[in-house]
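Chemist: What follows is a predicted protein model with its sequence.
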Amino acid sequence: MSRVGKNPVVVPNGVTITLTEEQISAKGKLGELNLALTSDVSVTQEDNQIFVKPKNDSKRARALWGTTRANIANLVTGVSEGFTKKLEITGVGYRAQVQGKNLVLQLGFSHDVEMEIPAGLNVVAEKPTLVAISGADKQLVGQFAANARGWRGPEPYKGKGVRYEGEYILRKEGKKK
């Protein structure tokens, strides 16, 4: 029995849900998101709650039960509140800025790293060393943050690089004489 899947998704005020056999769409103040549904789970809506149940007792249906419920919850949260990831940049001369539709990172390379900001995301350089990425789609926010972090991840000796806010970096001791 899925512990995640058996809990209903509560739909807040201001969010409208459109449910068909193949997909579910949520519309709120931050936009509209769609999710394709599999044929292994059934999704029903009663009042302001969405219930997800497996159609049969197959392993695939039980596996997708909790996943589908979590994706629907992310849809509803995304269009009502949105998601935010913050990146901290540490290092001498390392900084970030937003220029038009691009995020420009200076990470110690001989060139600046320019990343095009996808539609649906809002990227703000709050300080030269702090970047806030926000949007309605949790997957898109997380993927863009991971791509930015991938250019220069935090290294364990001095801690230089791009890391998530609050991320702990296991530090190593340097060479000994």
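Modeler: Yep, it's here. Model, not experiment: these values are computed from the prediction.

Chemist: Name the single longest helix found in this structure.
Modeler: Longest helix in the chain, counting residues (DSSP state H): helix 59-80.

Chemist: contacts for that one?
Modeler: Residues from elsewhere that reach helix 59-80, judged by C-beta atoms under 8 Å, 6 or more residues apart in numbering: 2-5, 7, 9-12, 14-15, 17, 24, 26-33, 35, 37-38, 40-41, 43, 50, 52-55, 83, 135-139. From N, CA and C alone the C-beta is placed, and that goes for glycine too.

Chemist: What of stretch 132-146?
Modeler: Contacting residues not belonging to stretch 132-146 are listed as 28, 30-31, 33, 74, 77-79, 82-87, 115, 117-118, 120-126, 148, 164 [C-beta under 8 Å, 6+ apart].

Chemist: ok, back up a step: and the next helix or strand past the longest helix of the chain?
Modeler: Sequence-wise, the next helix or strand beyond helix 59-80 is strand 83-90, with elements assigned using DSSP states H and E.

Chemist: which residue ranges form the helices in this protein?
Modeler: When secondary structure is read from DSSP H, the chain shows helices at 59-80, 138-151.

Chemist: In PyMOL, how would I select just the buried ones from the contacts of helix 59-80?
Modeler: Selection of the buried residues among those in PyMOL, burial being defined by 16 or more other C-beta atoms under 10 Å:
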select buried, resi 2+5+9+11+15+17+24+26+28+30+33+37+40+41+43+50+52+54+83+135+136+137+138
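
Chemist: who wins for proximity to residue 109 among the helices of the chain?
Modeler: Smallest distance to residue 109 across the helices of the chain (C-beta to C-beta): 8.2 Å, for helix 138-151.

Chemist: Which positions in the closest one come out as buried?
Modeler: Buried residues in helix 138-151, defined by neighbour count with 16+ other C-beta under 10 Å: 138, 140, 141, 144, 145, 148, 149.

Chemist: Sketch out the low-pLDDT regions of the chain for me.
Modeler: Where the chain drops to pLDDT under 70, the residues are 1.
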